[in-house]
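A.B. asks: Structure for the following, please:
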Amino acid sequence: MATTRLRALFNHLNAGKTSTVSTMSTTVHNTNEACCTRPPVVSNYTPKGTYTSYGGFKKVYVTGPANRGDTVLVCVYDVFGFKPQTQQGADILAAQLNIQILMPDFFEDGAAWLLSQYPPKTDEQKANIQKFFGGIASPPNNAAKLFAFGEALRKDGAKKVGCYGFCWGGKVIMLAAGRPNTPFDVISIVHPAMLSSGDAENVNIPLGIFCSTEESADEFHKIVEIMSKKPFASKNDSRIFQSFHGFAAARSNLDDPDNKAKYEDLYQTLVKYFKNNGISA
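C.D. replies: Next up is the predicted model:
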């Protein structure tokens with residue numbers, strides 16, 4: 001995505017007004033100030049997995065059984081990259097689904113967004129984040145990388161490949177799933193950023209969409225309606241969690257009882273959803 005396409009994503013930081021950004025053939029309605037202003041939370045969790053190179057990525061977090069097996073789940077992290085809370089969620093899913101989960105490092109050729117500049121305050125920082133989303137974090141470019149990663153898993157013998165992701169990762173997943181001959185069998189997006197009902201038109205595999213109260217409810221309901229008309233509608237799932245944007249990934253504070261309860265609820269919801277779609281051992 002060109003920088004000009006994503007400049008509007010953070011316009012409200014300057015003007016406080018609702019903005020739109022054109023993404024491929026869709027329009028993203030950006031009214032989610034929380035996505036642009038809430039920083040991640042420090043966690044002391046020690047991830048259980050290991051790192052390897054695979055599918056065009058130099059660094060991939062891998063958790064679950066040592067042998068990959070026929071069924072695999074891919075995780076797309078949020079804009080903060082590898083964070084313990086996101087990896088903890090992957091560890092939970094791997095244990096309960098008894099399958100291997102792989103989390104590629106999409107920002108390995110640069111860096112995830114600098115915490116020292118989040119949220120962006122100066123004009124220079126705002127310009128830098130525009131460059132970030134127009135460059136290394138471009139959703140269309142990373143959707144192509146995710147698509148190729150899924151294809152690599154297929155070529156290596158995976159019979160079922162699921163995918164889930166958070167915030168920025170949700171947009172990447174929707175774009176990859178909407179491409180012809182997507183390698184994925186089922187997807188889920190959690191408190192997704194840049195939410196657009198237009199993306200759902202091209203998605204022809206089951207979708208689990210789990211929003212917080214800080215995403216667009218209008219776009220959420222439009223997506224649910226679109227997906228309800230697909231021939232696999234009974235395989236879809238949807239819910240608005242009564243929590244904040246980022247409650248299940250890098251922004252989660254698991255020392256807070258309410259956040260911890262919502263976090264655990266979300267991952268149990270994902271376990272059930274993926275099991276219902278055959279993504280388990």
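A.B. asks: Pro140 and Lys126, how far apart?
C.D. replies: Distance of Pro140 to Lys126, computed by CB to CB, to the nearest Å: 22 Å. (Each C-beta comes from the backbone N, C-alpha and C, glycine too.)
A.B. asks: between these two, which one's more packed in?
C.D. replies: Each of Pro140 and Lys126 had its neighbours counted (other CB atoms under 10 Å), and the higher figure belongs to Lys126 (18 against 15).
A.B. asks: Skipping adjacent residues, who's closest to that one in space?
C.D. replies: For Lys126, ignoring the flanking residues on the chain, the nearest one in space by CB to CB, 6 or more residues apart in numbering is Pro120 at 4.6 Å.
A.B. asks: Ser252 too?
C.D. replies: With CB to CB, 6+ apart as the criterion, Ser252 has its nearest non-adjacent residue at 4.6 Å, and that residue is Gln85.
A.B. asks: which SSE is the one you found in?
C.D. replies: With the criterion set as DSSP states H and E, the secondary-structure element containing Gln85 is helix 84-97.
A.B. asks: Average pLDDT for that helix, rounded please.
C.D. replies: Rounded to a whole number, the mean pLDDT of helix 84-97 is 97.
A.B. asks: How about residues contacting that helix?
C.D. replies: With contacts defined as CB atoms under 8 Å, 6 or more residues apart in numbering, helix 84-97 is touched by 41, 43-49, 61, 63-65, 73, 75, 77-78, 100-101, 103, 166, 248-252, 254, 263, 267, 270-271, 274-275, 279-281.
A.B. asks: hang on, the earlier thing: how about the residue nearest to Lys126, secondary structure?
C.D. replies: Three states are possible here, and by DSSP: H, G, I helix; E, B strand; the rest coil the one that applies to Pro120 is coil.
A.B. asks: Check the gap between the residue nearest to Ser252 and Asn253 for me.
C.D. replies: Distance from Gln85 to Asn253, counting by CB to CB: 9 Å.
A.B. asks: With neighbour numbers in mind, choose between the two.
C.D. replies: Counting neighbours by other CB under 10 Å for Gln85 and for Asn253 shows that Gln85 has the greater number, 26 against 18.
A.B. asks: quick one: the strands in the stretch 101-250 of the chain?
C.D. replies: Using DSSP state E, counting those that start in this stretch, the strands found in the stretch 101-250 of the chain span residues 160-167, 186-192, 207-211, 237-240.
A.B. asks: The last one pairs with which strands?
C.D. replies: Going back to what we said before, that points to strand 237-240. Sheet neighbours of strand 237-240, with direction, are listed as strand 207-211 (parallel) (DSSP bridges).
A.B. asks: Could you check the strand it pairs with and say which residues are buried?
C.D. replies: Of all the residues in strand 207-211, those buried under the rule 16 or more other CB atoms under 10 Å are Leu207, Gly208, Ile209, Phe210, Cys211.
A.B. asks: now swap in stretch 101-120 and tell me
C.D. replies: Counting neighbours by 16+ other CB under 10 Å, stretch 101-120 gives 101-108, 112-113, 118-120 as buried.
A.B. asks: Just name the lowest-scoring one in the residues you listed, pLDDT-wise.
C.D. replies: When those are compared on pLDDT, Trp113 comes out lowest, with 68.
A.B. asks: export the strands of the stretch 101-250 of the chain to JSON lines and tack on distance to Phe149 and mean pLDDT?
C.D. replies: Compiled in JSON lines, the strands of the stretch 101-250 of the chain are given as follows (distance: least, CB to CB, whole Å; pLDDT from 0 to 100):
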{"stretch": "strand 160-167", "distance to Phe149": "9", "mean pLDDT": "98"}
{"stretch": "strand 186-192", "distance to Phe149": "13", "mean pLDDT": "98"}
{"stretch": "strand 207-211", "distance to Phe149": "19", "mean pLDDT": "98"}
{"stretch": "strand 237-240", "distance to Phe149": "24", "mean pLDDT": "98"}
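A.B. asks: For Gly150, find the nearest of those.
C.D. replies: Counting by CB to CB, Gly150 lies closest to strand 160-167 out of those; the figure is 5.4 Å.
A.B. asks: Mind giving me the packing neighbours of that closest one?
C.D. replies: strand 71-76, helix 139-155, helix 168-177, strand 186-192, helix 257-276 (3 or more CB pairs under 8 Å, 6 or more residues apart in numbering; DSSP states H and E).
A.B. asks: ok and that strand relative to helix 257-276, angle-wise?
C.D. replies: Taking axes from the mean of the first three to the mean of the last three CA atoms, to 10 degrees, one finds strand 160-167 and helix 257-276 inclined to each other by 160 degrees.
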